[in-house]
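>>> Quick one, what's the 3D model for this:
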Amino acid sequence: MSKDSSTRTSHNAITIIDYDAHKLVEKQTDSLSECIYYKDTPSVTWINIDNVPPVTFLEELKLGFNLHPVVIDDILNINQRPKIEILDDYISIIFKMMIVKEQGKKIVSEQVSLVISDKFILTFQQGIRGDTFERVRELLRKQGTRIRTLGTDYLAYELIDSVVQNYFKILENLSERIEFLEKEVVKTPTPKVLNSIYQLKREVLQVRRSVWPLREVVNIMERGESPLVKKGTRIYLRDIYERLIQVIDGLETYRDILSGLLDVYLSVSSNRTNTIMKVLTIITTIFMPLSFLTGFYGMNFVHLPGLVSPYGPLYITAVMFFVLLVMLFYFKKRKWL
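Coordinates of the predicted model:
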């Protein structure tokens, strides 16, 4: 790290991509002054910063890029709902990027901040593994692609589109886990399955809270409330808007399914309890006459049938066995067994 800490940082990976239809420069740096240099080039510049930078770095970034203090506050506050701020010279957008961790198939999210100007875009990420922006980088590296000939508004569209495309992978992950729980809730309705249902329901609500406000963000951009978003790009934004509606519809469906699974779990658990109680009741009912016979012959009387006979125990055992068979036959006939 350089001694000049005001212009450099070693805590954040800064990637600069400067491009037009004919050339592309891609480099990593830790120099803020180099970022400011590319800001003033006639070509389009995308500066991506991984991990939330220190306040001192953001303060100098604010001065170098003439950012509003509200934008800096939004970048530092990583627990916000998706939102959009339209200012005179740029647009500030906050949204959530979500990926599925391979181990455990858990959904993790990070906040992404976009600052869109007519010549540059700043993106700030928290640095989780599995960056969905790599698809956009691959497009930029190919000469002759649409993104290389258009401006920052189209680059912003591609960045948001990459995140929205990944939402469908999230839906696929949720669908697989719901399908697994549908089998488990009938086969083995244990408390662990119940906890999994509640956990998955919370994840669905978490994803919905991230997707729902992003729909309004895209809608504002598509309506052309900022001159930075050109008319040709609004058509693409409308496509994102429609896909976000599909994602929201899918999440609503999954939420209803999970609510239904809770009802199924309670119903299956109740049926199992009733079955257990039924078996215990039958066992108790069967042993009632047997207990009566053993208790009757256990009384301290001298004269009882078969008491002095050497075959007395066999007689009473045969009677008890006969009573058992009669009761089992009766229960079977009434379809209680």
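
>>> Okay, residue 202 and residue 217: tell me how far apart.
For residue 202, the distance to residue 217 equals 24 Å [CB to CB, to the nearest Å]. C-beta: built from backbone N, CA, C; applies to glycine.

>>> So which of these two has more stuff around it?
Counted by other CB atoms under 10 Å, residue 202 and residue 217 do not tie: residue 217 has more neighbours, with 23 against 11.

>>> just checking, what packs against whichever helix or strand the more buried one is part of?
Taking DSSP states H and E as the criterion, residue 217 maps to helix 191-222. Under the contact definition 3 or more CB pairs under 8 Å, 6 or more residues apart in numbering; DSSP states H and E, helix 191-222 sits against strand 83-86, strand 91-100, strand 107-116, helix 152-187, helix 231-296.

>>> Lowest average confidence across the ones you listed, which one?
Of all the helices and strands packed on helix 191-222, mean pLDDT reaches its minimum on helix 231-296 (a mean of 87).

>>> And that one, what does it pack against?
Other elements packing on helix 231-296 under the criterion 3+ CB pairs under 8 Å, 6+ apart are helix 152-187, helix 191-222, helix 312-333.

>>> So what angle separates the directions of it and helix 312-333?
If you take axes from the mean of the first three to the mean of the last three CA atoms, to 10 degrees, helix 231-296 sits at 150 degrees to helix 312-333.

>>> what's the angle from helix 231-296 to helix 152-187?
Using the same axes, to 10 degrees: helix 231-296 against helix 152-187 is 10 degrees.

>>> Now do helix 231-296: distance to the chain's middle.
Computed by CA atoms, centre = their mean, to the nearest Å, the separation of helix 231-296 from the middle of its chain amounts to 21 Å.

>>> Once you drop chain neighbours, what's closest to residue 170?
Of all residues not flanking residue 170 in the chain, residue 98 sits nearest, at 5.4 Å (CB to CB, 6 or more residues apart in numbering).

>>> what are the bridge partners for that neighbour, then?
For residue 98, the beta-bridge partners under DSSP bridges are residue 109.

>>> Look up how far residue 256 lies from it.
Residue 98 is 21 Å from residue 256, where distance means CB to CB.

>>> try residue 200
Distance from residue 200 to residue 256, by CB to CB: 13 Å.

>>> Which one of those two is surrounded by more residues?
Neighbours were counted for residue 200 and for residue 256 using other CB under 10 Å; residue 200 has more, 21 against 10.

>>> Okay, domains of this protein per the record?
14-267, 297-333 (automatic domain parsing).

>>> if we can go back for a sec, looking at the helices and strands packed on helix 231-296, which is closest to residue 122?
For residue 122, the closest of those is helix 152-187, at 10.3 Å, according to CB to CB.

>>> in the closest one, what counts as buried?
152-164, 166-167, 170-171, 173-174, 177-178, 181, 184-185 (16 or more other CB atoms under 10 Å).

>>> just to revisit the earlier point, the helix holding residue 217 to helix 231-296, inter-axis angle?
160 degrees.

>>> Buried residues in helix 191-222, which are they?
Quick answer for helix 191-222 (16+ other CB under 10 Å): 193-194, 196-197, 200-201, 203-204, 207-208, 210-211, 213-215, 217-222.

>>> hang on, the earlier thing: can you put the domains of the chain in TSV and add distance to residue 290?
Below are the domains of the chain laid out as TSV (distance: least, CB to CB, whole Å):
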stretch	distance to residue 290
domain 14-267	34
domain 297-333	5
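
>>> Quick one: closest of these to residue 276.
Nearest of the domains of the chain (CB to CB): domain 14-267, 13.0 Å.

>>> hmm, back to that, same list, the helices and strands packed on helix 191-222, but as a markdown table with distance to residue 14 please.
Shown next, in a markdown table, are those (distance: least, CB to CB, whole Å):
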| stretch | distance to residue 14 |
| --- | --- |
| strand 83-86 | 23 |
| strand 91-100 | 18 |
| strand 107-116 | 14 |
| helix 152-187 | 16 |
| helix 231-296 | 26 |
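
>>> closest to residue 13 out of these?
strand 107-116 (14.0 Å).

>>> which residues sit against the helix or strand following the closest one?
Next helix or strand after strand 107-116 toward the C-terminus (DSSP H and E): strand 120-125. Strand 120-125 is contacted from outside by 38-39, 44-53, 61, 65, 75, 97, 110-115, 131, 133, 152, 155-156, 159, using CB atoms under 8 Å, 6 or more residues apart in numbering.

>>> now do stretch 328-337
278, 282, 286.

>>> Near the first one, how many other residues are there?
In this case it means residue 278. Neighbours of residue 278 using other CB under 10 Å come to 12.
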